[in-house]
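J.: A predicted structure for the sequence below; I have some questions about it.
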Amino acid sequence: MEKDADGFYTPVPDAAPSEPEKPEAAEDKPADASEATKEKATDLIKSDYEVSVTLADQQADPNSPLYSVKTFEQLGLHQDLLKGIYDMGFTKPSKIQERAMPLLLANPPQNMIGQSQSGTGKTAAFVLTMLSRIDFSKNQPQALCLAPSRELARQIMSVVVAMGKFTPVQTEYAIKDHLPRGASKVTAQVIVGTPGTMTDLIRRRVIDVSAVKIFVLDEADEMLNQDGLGDQTLRVKNMLPKNQVQIVLFSATFPDNVRNFANKFAPNANKIELQKTEVTVDNIRQFYMDCRDEEHKYEVLVSLYNLLVVGQSIIFCQHRHTADRISQRMTAEGHKVASLHGAKDAAERDAIIDNFREGREKVLITTNVIARGIDILQVNLVVNYDLPLLNEHGDWKNKDDLVPDIETYIHRIGRTGRFGRKGISINFVHDKRTWQQMEQIEKATGKQIIRIETNDLDEMEEQMKKALKS
Ligand SMILES: Nc1ncnc2c1ncn2[C@@H]1O[C@H](COP(=O)(O)OP(=O)(O)OP(=O)(O)O)[C@@H](O)[C@H]1O
């Protein structure tokens, strides 16, 4: 990894094969909200594999992370925001929304460190808080939100625009290549971006932070990671006015090594925490396939192709060159796949994720760049072509030092099974080391990973149908 001029961790273009990629922040063009795909939350996946348990059933089950006893009205939201919520197809809050919203909206404002499983509606909780805190009569930035990737920043913005549809909210991006070079002042009330560009725009006084009242970090553990975006994020915070900004941190994961920093970053915060074994949702069924070697992984992936296109699927690789190589090979063999990673330029990244989001592409081969936050309801299969790995000692070249990256694993598989939908993840293991790494993941998450025969596609299909239906 290298820091670019913005201070981002940008993977080196010709990264050595042994250098794993990490999620990266990059900037982009604005998403046209009117064009943004806004899935109705109540839509279910239409296919042979249609889910059988309805959202209403789950929201009535006290053990579900979607359960709540309250209505959105009881959460104390403004009428215009309620209209936005219902327009999006939401009927009832999820557990995190029900628990977090009253704390987030209370006066005087208090900081929040909120944890809840992937796909359980954290975005709505912080977006509604941002929109509730704004004085619409002032044309000044009042709510800042940071995310680790341009793709996620664009997605969050689409939620701000959808939820704020019946308010006069004005929004702006702080992402690379968005604002014209000579832009002198941002007057929008909500600004969503990535930390390097946000820092740059504040420093150059294009963004005046004097009226900022709320600062949100989505994927907060990633944003505060001292080996990654932590410095940049802290820089933004240090430029904000003291004692007037509510700090809101949300993630599905808060590993121990980030918790201390999070507590300092958001002092005296209200906390909503999960036990370690609660972090993954039960509606994602986890499998693994034993492959003989790297080449066999590719063959198995190709043999799965028909299953991959049943809904939509995301295939995660550790390196961008693996993602490119697989997608080139598969394309040459007549399969329709797309690849997305941090070496592609901003416009291309936007086009690829938009095509996938709108269902024009069914199979996306990618790296950790979109492991977090991306919400595409039709994704019912995630393949870990390579398991996510981390280097504990900072030497990415030494394979013996690589350990499973539990948090990234949790976020990757969380790209499926959104808001109670069924989903499947499949890990490819191909030697003793990868098998052991997977065992460590199994232990850490407390969820069983079931073996599937690589040469029995019928069984695979059967398992998949069962997992998506039961
Ligand atoms: N109360 C609700 N009713 C119905 N659908 C909802 C509700 N709240 C959120 N959703 C939908 O659930 C999906 C997941 O929400 P969201 O992306 O906020 O999850 P998340 O908790 O931020 O997940 P991650 O940890 O992966 O970022 C979205 O499609 C969102 O529109």
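T.: Received, thanks.
J.: can we go C-alpha only for contacts and neighbour counts from here?
T.: Noted.
J.: show me what contacts whichever residue of the stretch 151-300 of the chain sits closest to the ligand?
T.: Among the residues of the stretch 151-300 of the chain, Ala252 lies closest to the ligand, at 4.8 Å counting by CA to the nearest ligand atom. Going by CA atoms under 8 Å, 6 or more residues apart in numbering, Ala252 touches Gln115, Ser116, Gln117, Ser118, Glu219, Val279, His411.
J.: report the two of those separated the most.
T.: Pairwise distances across the contacts of Ala252 peak at 14.0 Å for Glu219 and Val279 (criterion: CA to CA).
J.: tell me the strands beside the host helix or strand of Leu390, with direction?
T.: In the assignment (DSSP states H and E), Leu390 maps to strand 389-391. Strand pairing for strand 389-391, using DSSP bridges, gives strand 402-404 (antiparallel).
J.: how far does the partner strand sit from the chain's center?
T.: Put simply, strand 402-404 sits 21 Å off its chain's centre (CA atoms, centre = their mean, to the nearest Å).
J.: check which residues of that strand are buried.
T.: Residues Leu402, Val403, Pro404 are the ones in strand 402-404 that count as buried (16 or more other CA atoms under 10 Å).
J.: for Ile353, give its distance to the ligand.
T.: Distance of Ile353 to the ligand, computed by CA to the nearest ligand atom, to the nearest Å: 15 Å.
J.: what does Leu103 give?
T.: From Leu103 over to the ligand the distance is 17 Å, taken as CA to the nearest ligand atom.
J.: show the subsequent helix or strand relative to the host helix or strand of that residue.
T.: Applying DSSP H and E as the criterion places Leu103 in helix 95-105. Per DSSP H and E, the first helix or strand lying C-terminal to helix 95-105 is strand 112-115.
J.: quick one: that following strand to chain centroid distance?
T.: Distance, stretch centre to chain centre, for strand 112-115: 16 Å (CA atoms, centre = their mean).
J.: show me what the following helix or strand past it is packed up against.
T.: As assigned by DSSP H and E, the chain's next helix or strand after strand 112-115 is helix 122-133. On a contact count with 3 or more CA pairs under 8 Å, 6 or more residues apart in numbering; DSSP states H and E, helix 122-133 meets helix 95-105, helix 150-163, strand 214-218, strand 246-251.
J.: ok and the helix holding Leu103 relative to strand 246-251, angle-wise?
T.: Interaxial angle, helix 95-105 versus strand 246-251 (axes from the mean of the first three to the mean of the last three CA atoms, to 10 degrees): 170 degrees.
J.: next, the angle from helix 95-105 to helix 122-133.
T.: Using the same axes, to 10 degrees, one finds that helix 95-105 and helix 122-133 are set 20 degrees apart in direction.
J.: so what does helix 95-105 touch, helix or strand wise?
T.: With contacts taken as 3+ CA pairs under 8 Å, 6+ apart, helix 95-105 sits against strand 112-115, helix 122-133.
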